[in-house]
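Chemist: give me the fold of what follows.
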Amino acid sequence: MNDTVECVEVMRADLRVTRLVGDDLPDLEPGQLLLRVDRFGLTANNVTYGVAGDMIGYWRFFPTADPAWGRLPVWGFAEVVAGDVDGCPLGTRLFGYLPMASHLVVEPGHVGPTGFTDRSAHRADLPGTYNRYRRTDSDPAYRPDTEEQQAIFVPLFVTSFVLDDYLADRADFGAERVLVSSASSKTAAGMALCTSRRDGDRPVLVGLTSPGNVEFVEQLGWYDQVVTYDEVDSLEAVPTVFVDIAGDAAVRAAVHRHLGDQLRASLTVGMTHWEAGGGGGDLPGPAPEFFFAPTQIEKRIADWGPAGYQERFGAAWEALLEVADGWIDVVPIDGLAAVPAHYARLLDGSVRPEHAFIVTP
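Modeler: Next up, the predicted model:
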């Protein structure tokens, strides 16, 4: 086993500044395990984690010795390589929340046949959704040949799934139309897929995107209409829910000022246009609200039970897998030293929507 830990760190005050750091493997305390990170997905979602790092607490999951630097969370696969915890033998393969690093120390609690929760003190008051590690050998939805899709899509598609469910649970706030910014993003497209598969009546889905992504968004086939950002004023003024995944203050302002009281809700979900963020000033219509996926997940687990939630999500996930290969080209990244250059492309918004990165540390 490699006797060093490598990690990509990001300057919290300037997301463009990164560094690769190394250290000796830590000595484990009783009850701790060492995980070796095997592969993880790298998408615009990880940029959102950085932008909202202080607001939501994302920087707190994987603390650093120097608080000026942070470790961006990612989702992926890891294996137990050291430690002695009942129910977590060496070689156990897990899926969960990881740093952009070669290793992670966890302190398993609530250990069961499906996995465990990291009960490390610094994670105790953070959302439980992010602290759960699932064993692949007991996950009925796991398939070795779809690991890349799982690492890329699961954290995004969970948001897509519960976002569509959140709207459906509220009868789409009485709106006739759902308008989605950053329509080419994987989260937006996944939500569009879920909404397009609803039984019975559903709202009209309109995707907002840049001119260069119009063809890609139209070819997905899940939006009823595709409109460029400079065409917002051409939209008919009908009752609308705005789902803002771009996080662009100018786009948000244009939508609010054009639709005004016809907006039934304005949900901020992501920050793919992170440098154009901000409040946008006083806006007509409803005040934008931040959508936090774990809250809806917890509600639905309470409503449906854990098995009921997994059954519904599993059906949606299978529908996604049927179309994923025709939608996404996986771009492999070998080694953490290569991550900063690709991460910079995500920051710049220069990654084609059909591309997705898989990192092997």
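Chemist: now do the contacts for Leu163.
Modeler: For Leu163, the contacting residues are Thr187, Met191, Cys194, Val243, Leu267, Val269, Phe291, Ala293, Gln296, taking Cβ atoms under 8 Å, 6 or more residues apart in numbering as the criterion. The way it works is simple: take the backbone N, C-alpha and C, and place the C-beta from them, glycine included.
Chemist: between the residues you listed, which is closest to Ala307?
Modeler: Closest approach to Ala307 among the contacts of Leu163 (Cβ to Cβ): Gln296, at 17.7 Å.
Chemist: skipping adjacent residues, who's closest to that closest one in space?
Modeler: If you skip the residues right next to it in sequence, Gln296 has Val162 as its closest partner in space, 4.2 Å away by Cβ to Cβ, 6 or more residues apart in numbering.
Chemist: how deep is that neighbour tucked in, by neighbour count?
Modeler: A total of 25 residues lie near Val162 under the criterion other Cβ atoms under 10 Å.
Chemist: repeat for Pro140
Modeler: Counted with other Cβ under 10 Å, the burial measure for Pro140 works out to 9 neighbours.
Chemist: would you mind measuring from it to Val21?
Modeler: Distance of Pro140 to Val21, given as Cβ to Cβ, to the nearest Å: 38 Å.
Chemist: just the ones of the contacts of Leu163 in helices?
Modeler: The helices in this structure, assigned by DSSP state H, contain Thr187, Met191, Cys194, Ala293, Gln296 from those.
Chemist: JSON lines for those residues, including neighbour count?
Modeler: Below are the ones in helices among the contacts of Leu163 laid out as JSON lines (neighbours: other Cβ atoms under 10 Å):
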{"residue": "Thr187", "neighbour count": "27"}
{"residue": "Met191", "neighbour count": "30"}
{"residue": "Cys194", "neighbour count": "22"}
{"residue": "Ala293", "neighbour count": "20"}
{"residue": "Gln296", "neighbour count": "18"}
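Chemist: relative to Gly83, which of these is nearest.
Modeler: Within the set of the ones in helices among the contacts of Leu163, Ala293 lies nearest Gly83; the separation is 30.5 Å, counting by Cβ to Cβ.
Chemist: that older thread, let me know the closest of the ones in helices among the contacts of Leu163 to Asp261.
Modeler: Comparing these against Asp261 with Cβ to Cβ places Met191 closest, at 24.6 Å.
Chemist: helix, strand or coil: sort out the closest residue to that closest one other than its chain neighbours for me.
Modeler: Of all residues not flanking Met191 in the chain, Ser160 sits nearest, at 4.2 Å (Cβ to Cβ, 6+ apart). Secondary structure of Ser160, reduced to three states by DSSP: H, G, I helix; E, B strand; the rest coil: helix.
Chemist: buried residues in the helix or strand harbouring Leu20?
Modeler: Counting by DSSP states H and E, the element that carries Leu20 is strand 18-24. By neighbour count, and taking 16 or more other Cβ atoms under 10 Å as the criterion, the buried residues in strand 18-24 are Thr18, Val21.
Chemist: the stretch 51-200 of the chain: strands as residue ranges?
Modeler: Using DSSP state E, counting those that start in this stretch, the strands found in the stretch 51-200 of the chain span residues 69-70, 73-83, 93-99, 103-106, 108-112, 115-118, 132-135, 177-180.
Chemist: closest one to His355 among those?
Modeler: Per Cβ to Cβ, nearest to His355 of these: strand 73-83, 16.4 Å.
Chemist: quick one, that closest one and strand 93-99 angle?
Modeler: In terms of direction (axes from the mean of the first three to the mean of the last three Cα atoms, to 10 degrees), strand 73-83 departs from strand 93-99 by 120 degrees.
Chemist: report the distance from strand 73-83 to the chain centre.
Modeler: Here the centre of strand 73-83 is set off from its chain's centre by 18 Å, with Cα atoms, centre = their mean, to the nearest Å.
Chemist: wait, doesn't Pro239 sit right on Leu179?
Modeler: No: with contact taken as Cβ atoms under 8 Å, Pro239 and Leu179 are classed as non-touching, separated by 11.0 Å.
Chemist: neighbour-wise, which of the two wins?
Modeler: The neighbour comparison of Pro239 against Leu179 (other Cβ under 10 Å) goes to Leu179, with 25 against 16.
Chemist: show the pLDDT at that one.
Modeler: Note for Leu179: predicted pLDDT of 98.
Chemist: who's it bridged to?
Modeler: Beta-bridge partners recorded for Leu179 (DSSP bridges): Val206, Phe242.
Chemist: buried residues of the worst-scoring helix or strand of the chain on mean pLDDT, list them for me.
Modeler: When the helices and strands of the chain are scored by mean pLDDT, DSSP states H and E, helix 53-56 comes last with a mean of 79. Under the neighbour-count criterion of 16+ other Cβ under 10 Å, helix 53-56 has Gly53, Ile56 buried.
Chemist: how about stretch 339-359?
Modeler: For stretch 339-359, the neighbour count (16+ other Cβ under 10 Å) marks Val339, Pro340, Tyr343, Leu346, Leu347, Gly349, Val351, Pro353, Ala356, Phe357, Ile358, Val359 as buried.
Chemist: on that earlier part again, contact partners of the strand holding Leu20?
Modeler: For strand 18-24, the external contacting residues (Cβ under 8 Å, 6+ apart) are 3-11, 69, 336-337, 339-340, 343.
Chemist: from those, which is closest to Leu220?
Modeler: Minimum separation from Leu220 among those (Cβ to Cβ) is found for Tyr343, which lies at 25.5 Å.
Chemist: the closest one: which element?
Modeler: Of the helices and strands defined by DSSP H and E, Tyr343 is found in helix 339-348.
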